[in-house]
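# give me a model of this one.
(2 chains)
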Amino acid sequence: MSVPVLDQLWVYLAASPLLHLLVTFLAFMGASYLNRLLGGTPFLHPVVLTIVMIIAFLMLTDTDYSTYFEGAQFIHFLLGPATVALAIPLYDYRERVRRMLMPILLSCVAGIVTAVTSAVGVAMLMGASRETVLTLSPKSVTSPIAMGIVEKLGGIPSLAAGMVLITGSLGCALGPVVFRLVRVRDPSVQGFTMGLAAHGFGTAYSFSSIGAVAGAFAGLAMGLTGLLTAFILPPLVHLFGL
Amino acid sequence: MPLIAGMSVLLGCQFLGEILVHGFQLPVPGPVVGMVVLLVGLMINGRVPTGLRTSGEGLLRYLTLLFVPAGVGIMVHFDLIKADFWPIVVTLVVSTALTLAVTAKVMSWLTRSVSKDPRDEWLEERS
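Residues are numbered from 1 along each chain as shown, chains lettered A, B, ... in the order given. Here you go, the predicted model:
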């Protein structure tokens, strides 16, 4: 095949959703394989590795995000029904959730207060601008809710989505280490904590690396944290004089 | 056909969730409300239909993959992150670690009195 023909083929493929859909699947399979090869280390979580590989590919081929998303949106769309499907494990473990209702609500409030005050406090100490501080404040909440909160406060919603993503990956990397340090073994507590601190990333991690109970509690924590943070965060941030 | 029926239930609940969110101006995303709708539906129905379980658990098994397209979006924010790099990095690491530690500690302390149910062991082994 001559070079111009290859060139035309590339232009055609790069414009169709097929290429980036395939790239996403291949990168995910490659990352999962690599992670298994490295003994399942939490510091190279398959999602994080996949994202890094795809960004590198897009930069090498000089492709912008909107072109990539045209192909990847088919995968992205499934997040909606998958979130709805979280009701299934929750229903399976409803007895345990009912027994733990008060601890669940209290730890959720404690977790949210810790997440917001520590994010705002550390960012202010580090001399971040007011806008950045506000943008960081809802970092543990699932991105659509976080963006809504930041918009109302006067931060940067699109950057908030980025902060939420990094928090999610960090939560997957730090979770196992922190659980060992504080000696917490109960899968329902581990899952709930992951869902609270690292939203959907933590929920996905709980399903794939801890188990179905953990996944159910993580999904519950993710929903509850999003719901409660929308109400708790604004007055908390005002306490810091912002 | 049960797989199609299961997928329809999931999409239908999400649809209802979106309607409720827009109708009542709720501050939460449609799918989260859809999850509550499905949970209520399952409580009323009293069991999970096979088709719904197959399609729902299939989606949840690959939940990590579904976050990839949104995650790649971080590349759009590289410049904004560069402007406040260290404050952002230190805040995210410290705050995430603290949140994990406090939540796990508080919850395991609060649940220490909740008696273990033998059915839990059984469900855990099955999963």
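
# which pLDDT value goes with residue 106?
I went with chain A, as the question did not name one. In this prediction, A:Leu106 carries a pLDDT score of 96.

# my bad, the chain I had in mind was chain B
95.

# residue 89 is in what secondary structure piece?
Picking chain A for this. Taking DSSP states H and E as the criterion, A:Pro89 maps to helix A:87-92.

# the intended chain is chain B.
Assessed by DSSP H and E, B:Val89 sits inside helix B:85-110.

# can you list the buried residues in that helix?
Under the neighbour-count criterion of 16 or more other CB atoms under 10 Å in any protein chain shown, helix B:85-110 has B:87-88, B:91-108, B:110 buried. For glycine as for every other residue, the C-beta is placed from the backbone atoms N, C-alpha and C.

# do the top helix by length along chain A and chain B meet at all?
Longest helix of chain A, by residue count under DSSP state H: helix A:212-239. Yes. Judged by CB under 8 Å from any CB of the partner chain, helix A:212-239 comes into contact with chain B through A:Ala212, A:Val213, A:Gly215, A:Gly219, A:Gly223, A:Gly226, A:Leu227, A:Ala230.

# next, the angle from the helix holding B:Val89 to helix A:212-239.
120 degrees (axes from the mean of the first three to the mean of the last three CA atoms, to 10 degrees).

# now do helix B:85-110: distance to the chain's middle.
Relative to its chain's centre, helix B:85-110 lies at 19 Å (CA atoms, centre = their mean, to the nearest Å).

# give me the helices and strands touching the helix or strand where B:Val36 lies, please.
B:Val36 belongs to helix B:30-45 when assigned by DSSP H and E. The helices and strands touching helix B:30-45, judged by 3 or more CB pairs under 8 Å, 6 or more residues apart in numbering or on different chains; DSSP states H and E, are helix A:79-85, helix A:87-92, helix A:212-239, helix B:2-24.

# tell me which other helices or strands the first one touches.
Right, helix A:79-85. The contact analysis (3+ CB pairs under 8 Å, 6+ apart) places helix A:79-85 against helix B:2-24, helix B:30-45, helix B:50-61, helix B:63-66.

# and the third one, by the same measure?
Other elements packing on helix A:212-239 under the criterion 3+ CB pairs under 8 Å, 6+ apart are helix A:87-92, helix A:94-99, helix A:101-125, helix A:143-153, helix A:187-205, helix B:30-45, helix B:118-126.

# which one of those helices lies closest to A:Ile51?
helix A:187-205 (10.6 Å; CB to CB).

# you'd agree A:Leu86 is up against A:Ala221?
No. Taking contacts as CB atoms under 8 Å, A:Leu86 lies outside contact range of A:Ala221: 10.6 Å.

# shared neighbours, those two?
A:Thr203 (CB atoms under 8 Å, 6 or more residues apart in numbering or on different chains).

# okay, now the domains of the chain?
This is for chain A. According to automatic domain parsing, chain A is divided into the following domains: A:3-77, A:84-239.

# wrong chain, I was asking about chain B
When chain B is cut into domains by automatic domain parsing, you get B:1-66, B:75-127.

# would you single out the least confident of those?
Among the domains of chain B, domain B:75-127 scores lowest, at a mean of 81.

# tell me if it is near chain A.
Yes. For domain B:75-127 and chain A, the contact criterion (CB under 8 Å from any CB) is met by B:75-77, B:80-81, B:84, B:86-88, B:90-108, B:110-111, B:114, B:117, B:119-120, B:123-124, B:127.

# how about the helix or strand that contains A:Pro4 and chain B, any contact?
Assigned by DSSP H and E, A:Pro4 falls within helix A:3-15. No. Helix A:3-15 stays clear of chain B (CB under 8 Å from any CB), getting no nearer than 15.6 Å.
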